[in-house]
Each structure stands twice: as structure tokens, then as C-alpha cells.
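[1] Provided below for reference: sequence and predicted model.
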Amino acid sequence: MSPVSLRKILNKKELPSLLHNLVYQLNIAIDVELVDGTKLLSIGEQTTENRYPIEMSGEIVGWVVGGEQATLVASLLSLLAKQEAEKKVLAIELLERYQEIDLFDDISTQLATSLDTRQIAQLVLQELSRLIESSAGMILLLSPDTTAFEIIAEFGDFFDDSHPEPGKGIIGNIVQSNRAELINDVQTDLRLEVKKNVSAMICVPLRAKERVLGAIAIGASKTESYKAEHLKLVSIFASQTAIAIDKALLYEQSTQAAVQAQAQTKKLQKALHELQLAQTQLIQSEKMSSLGQLIAGVAHEINNPVNFICGNLKYVAEYAQNLLHLLENYQKFLPVVPPELESELDNIDLEFIMQDFPKLLDSMKLGTGRIVEIVQSLKNFSRHDEAEMKAVNIHDGIDGTLMILHHRLKADIHRPAIEIIKDYAKLPLIECYPGQLNQVFMNILANAIDALEETMSNGEWKNSHSPHLLVPPSPHSPLPTPQITICTKVLDRQWAVIRIADNGPGMKEDVIHRIYDPFFTTKDIGKGTGLGMAISYQIVVDKHGGMLKCRSQPGEGTEFWIQIPLNCAVVAPTEEQNYTSASPTVTTILPHIPDADGFIPSTIPMLKPTDLLTRHTHLIQRLSQQNPGVETASPDEIYQMFQRHPISLKLYATLLSWFCCSNPT
């Protein structure tokens, strides 16, 4: 304990007067001296040499000289000295506490600003090495399964070539016991398994929320280097470090959870896209199957009687020619007509019949030939008997589609005819799905005709000579001609390109970005389903590994670029892949940025979650309308209801597989 100044005690403001009163009451004289005999205070005339010690914690700090009753004064001064000593000790402790609080407040502030476990650990070791003499130190973290330690910060050499393990060695046992320890002679500790480069050490577990995170360990090269206050200091550091590391670990976990959630969101979004594609594919399959069967059946039924008529017209013409020739000979040999036949010949106008009958037969030949062409076009369009890839002439498919749409191209009382301009290049036979490509041509050409009809119904359309000018009709100028231009070419010796353009009203860019979305349409209710371009996207991009682009601006018409490989069998995915995989081709990942020619590439059709739920609701509502008792039906009865509607069952099964399975098939 630090010595107390007796001179300082006697200099207190009220103590001298208090001593004077006490001496006067006792009727004695006293002298107060230091240990070395220096007189500090004298009251009265001294008549004795008795000396009484002023003690503090067994140590004499001065003397009181006087009579026997002077011992009371010595006791009083001893008590005052003791109080002063205690005050001094308390002041020192308070100062130390203040310094510790200030130190840990500074460290806590630094730790709170960091969310990196290694940065926190390095900062703590740096402060510890500055406050406590040490040659080595490290901070360890337990693995999540508590089977291994990870050193996240260290200085010096604690071990030679070993690594601490949970439950083994000094550090492993301390962490397992969850109790801080101070060891001033490491080499004599029975838990020592491997040689350490330190002779004394302090190890404190890191505890947070009743859980051990790891440990702090510091060591010195000399034995007996540490005291209890060092252990206490490291323990305080350990508590602050555990809180900071626990917070950092929680932050890392939340960050990882956020990343996983983002990845899961992307995965779910991808699944929604695939579900949307599966929906349109199912609708397409049902639609094409029904349409193909219908067209193929109609074409077959028409083909038989037409072939019968065409085959017999040749003989009818030959028989008619023979009969007319025979009739001419009769007129030569019998120039005078019997009276009975003269009135009959006048009634039937034989001369007109002989002139018109050959013309009538020629018209019948032309009509039946037209029917044959239409039937062939129907067969080419449906391709019901060609479900697999075949080498076909693309031009035949385009011409067949135009033949079917011929009635919409003709003029009527409301508008002029739509002119078709063909610019066909020489194309080789292309390996593809011809029936599906014909559907693409049908969708794009039908949309072009719709756009032109809409423009013409408004009384204005493009001038074919100035395709970039919107010219209203004038009574003093002829009406411009609505046109659809179809061009084909071979690109880079490996692609076939079909370009279909119209001089209609055009589209805005935001509409172009959505034309491939299922159920999106700009047409009036009842005039469009919004599936045509979505199905076209699947056929060109997914089925044939091709490219579908669009170029359009308001008032400048619309042009579609269809690009497919000459040999689609090399790049087209299998049917199973179309349903279970959403591996996009090169064109599906392109952004909505026009290329050098102004074409905007197609992207994966989008279907928002709200749209998906709407489709789901509509499906259940449709099932309820067809089966009023669905609300009270058992699962088996609901399944039987779906069995009666196979397409609904397929669609609902796809919905459930995406929502319930991690890897749906």
C-alpha cells in the first residue's frame, strides 16, 4: 500500500483546531513528529519524553510525544492516516477502472464498426499485444459442427507445426470446459500434447448467448509472466470479442441467406418462365393436333371426289368432242331438218350449245385444278403426316399458307386487294418441322393482314412508293396499295432467312418487347388469343434453334426476320428437353437492344406470377363450370373430372410439379 503523508494530514483545515481542543480537554502537552524526528506540531510545554507511534497497516508513519493520555491523539492520527490510505487506494482503483472503461469503450466502438470476423480478431490481438507483454497470440473459431478450430488471427509462433483441436491439448480442453485459465508454466501442465513456443499463457473461451464460439490465447516466453489482473483483462476482451464476432457471423449468415434467397428467386422466376412455356406448348400441341386432324381430314375427303371429277373431265371432254363432231356430220348429210325436230332445236339453241360447251368444260378443268391446289396447300400446311423432321422446300410452305389466306387478300367493297410481293432466293431443302413452320408463317401473315385491314378501315395506309411516309387518301390521287413483301435468302451458308414485311401502321417499341408474351394481344376482345407469337417463338427459337427478330416503328410498317439453320436436326432440342429444360439458345439471352439493321431480338417470353395465378384460377373455374360438384368432390373424383379433360390435366400437373418439386419432370 502506498505511504501516506502525515504532514498533509496535519495541514487539513480543521484538524489543528480539533487537536488543540482535545489537548486542552485532556490537559496535556503533545508534539507530533515524523519518523526521522522532524517536528510537525507542538501544543503546550512538553514535560515528558513518552513516544506513541502513529501506525498505518502495521507501518509507523510518525510519533506523538506526551503524557500517557497522548496515546489517544496517536490513535486518532492513526485512524486518519488509515482513512487517507484507503481513499488513495480507492482513487487509484477508480482511475484504473476509468482507464479500462475508456479503453474498452474505444475498442467496442471499433469492433462495432466492423462486420468482418478476421478484421475484428486482428484488432483485438493488436490491442492485447499493446497492453500485455506477449510473444504470441491467436484467436480461434469453432466450426459449426464443433469438430475443428479455424485460426482467424494470430501473431508470433504459438506452436511449431501443430494445430489445436477441440477436446485435445491445453486449448482444446479449456474450450471444452468453457472456463478461462492462466498457466504460468506451460511445460509442466499435464494436458500438454505438443511442444509450445511459449512458457506462460492465458486462454479464455469466447462465449455468446450460452454458446462457445472459440477462444483467445496469448503467451509469453517467460514463466510467471502473468497475474490475475491480466486474466481479467483478457476475459473482458474476450466478452467484447465474442459479441462482435457473433454479430459478424449473424451478418454473414444473413448475407448468405439473402444470396440464397436471391438465387432461389431467380430459380423460381426461371421455373415460372419454363411453366409459362410449358403452358403455351401444351396449348399449341392441342391446337395443332386438332387443327392438323381437321385440315387433313377435310383435305382427304375433298381430295377423293375432286380426283374423281378431274379424272373423268378428260373423258367427258373427249366424249363431248365426239358427239359434237357427229352432230356436225349429221347436219352435212341431212341439211333439211324434219319438222318434228325443228322446234326442238330452236328451243335448246343448238348453235350456242356447240360454242359454249367446250368453254364450260375448260372452266370446270380450271375450277377442279384450283380445288386440287387448295387441297394440296391444306395438306402442306397441316403436315399431319409429317410429325418428325423432314427436308422440305420452305417456299412450298409459304405459298400454301398464302393459298389458304387468299380469301383475305382479295379486294372487297371496303378495301383494295392486298398485294403480295415475292422475292425468293434459291434455297436448298431444309431439315425442319414443316407443319410447325407453316404455323409461324400463318401467324405472322395473318397479323400483317389484320394490321393492314385495321389501317385501311381508318382510311389511311402506307404509300407503297414511300414506305416511311404515312399518306392519307386524297380524292385527287389514287389510293396507295397495301403490300406484304416476302423475301428469302441463304445467310453464311448455314442459315435460311425468311423476311416478312408489311406497310401497315407499325408498332411501338414497348409493344415489340411484349409480343412474345403468352396471352398478350393488342387486338380487341374476341379477335385474338395472344398465343400466336408466343407459339411462333417456341417453334423458331426452342424447336429449331433459330432466331426471331422484329423491326417496326409507328407509321413505318413491321418486318419480321425468321432465321433457322439449314439443318435444324443438328441444333434442335428433343421433345423431352422442351418440357424439362429451359436451356435458352443464343437469341434468348440477348437484351432488348436493336441490332445494326434495327431489328429487336426476341427474348424468353415473360409471365408474371400474378398472370400465373390468374391462369391457375381460370383453370379451376373452368373445371368447376364443367363439374358443379368439384367443391365437395374427393381427390379421386377430381382426378376423374380431369381425366375427362386431358389438356386441363396436363396443364394442372405441370403447375403442381413446378410448385411442389425441386426437379420437376
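    Noted; the coordinates are in hand.
[2] can you pull out the strands in the stretch 401-550 of the chain?
    Along the stretch 401-550 of the chain, counting by DSSP state E, counting those that start in this stretch, strands occupy 419-423, 430-432, 461-463, 466-471, 483-491, 495-502, 547-552.
[3] between those strands, which one is nearest to Lys12?
    Of all those, strand 547-552 sits nearest to Lys12, with 100.8 Å by Cβ to Cβ. For every residue, glycine as well, the C-beta is placed using N, CA and C.
[4] and that closest one, C-alpha only, in CSV?
    Taking Å, rounded to 0.1, in the frame of the first residue of the first chain, the C-alpha atoms of strand 547-552 are listed here in CSV:
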residue,chain,number,x,y,z
MET,A,547,-33.7,-16.6,-84.3
LEU,A,548,-36.8,-14.4,-84.4
LYS,A,549,-36.5,-10.7,-84.7
CYS,A,550,-38.8,-7.8,-85.3
ARG,A,551,-38.3,-4.3,-86.7
SER,A,552,-41.1,-1.7,-86.5
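[5] tell me the first helix or strand C-terminal of it.
    Using DSSP states H and E, the next helix or strand after strand 547-552 towards the C-terminus is strand 558-565.
[6] what's the angle between that next one and strand 547-552?
    170 degrees (axes from the mean of the first three to the mean of the last three Cα atoms, to 10 degrees).
[7] ok, back up a step: now tabulate the strands of the stretch 401-550 of the chain in TSV and tack on mean pLDDT, distance to Gly629 and mean neighbour count.
    Converted to TSV, those look like this (pLDDT from 0 to 100; distance: least, Cβ to Cβ, whole Å; neighbours: other Cβ atoms under 10 Å):
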stretch	mean pLDDT	distance to Gly629	mean neighbour count
strand 419-423	93	54	13
strand 430-432	88	47	23
strand 461-463	46	54	24
strand 466-471	37	57	14
strand 483-491	93	51	18
strand 495-502	93	49	21
strand 547-552	90	45	23
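[8] hang on, Asn347 in a helix?
    Yes: counting by DSSP: H, G, I helix; E, B strand; the rest coil, Asn347 falls inside a helix.
[9] for Val221, which non-adjacent residue is closest in space?
    Not quite, residue 221 is Ser, not Val. Nearest non-adjacent residue to Ser221, counting by Cβ to Cβ, 6 or more residues apart in numbering: Ser135, 4.7 Å away.
[10] show me what contacts the one you found?
    Neighbouring residues of Ser135 by Cβ atoms under 8 Å, 6 or more residues apart in numbering: Gly156, Asn197, Val198, Gly219, Ala220, Ser221.
[11] turn those residues into a markdown table, columns for secondary structure and pLDDT.
    Below are the contacts of Ser135 laid out as a markdown table (DSSP: H, G, I helix; E, B strand; the rest coil; pLDDT from 0 to 100):
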| residue | secondary structure | pLDDT |
| --- | --- | --- |
| Gly156 | coil | 83 |
| Asn197 | coil | 80 |
| Val198 | coil | 84 |
| Gly219 | strand | 87 |
| Ala220 | strand | 88 |
| Ser221 | coil | 84 |
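[12] what's the closest of those residues to Leu324?
    Closest to Leu324, out of all of the contacts of Ser135 and judged by Cβ to Cβ, is Gly156, at 124.6 Å.
[13] surely that closest one is in contact with Leu125?
    No: contact criterion Cβ atoms under 8 Å: Gly156 and Leu125 do not qualify, at 9.6 Å.
[14] now list whatever residues contact both of those two.
    Between them, Gly156 and Leu125 share these contacting residues under Cβ under 8 Å, 6+ apart: Gly137.
[15] pick out whichever of these two has more residues nearby.
    Leu125 (24 against 17; other Cβ atoms under 10 Å).
[16] flag every buried residue along the host helix or strand of the more buried one.
    Using DSSP H and E, Leu125 maps to helix 117-131. Neighbour-count burial for helix 117-131, with 16 or more other Cβ atoms under 10 Å as criterion, is recorded at Thr117, Arg118, Gln119, Ile120, Ala121, Gln122, Leu123, Val124, Leu125, Glu127, Leu128, Ser129.
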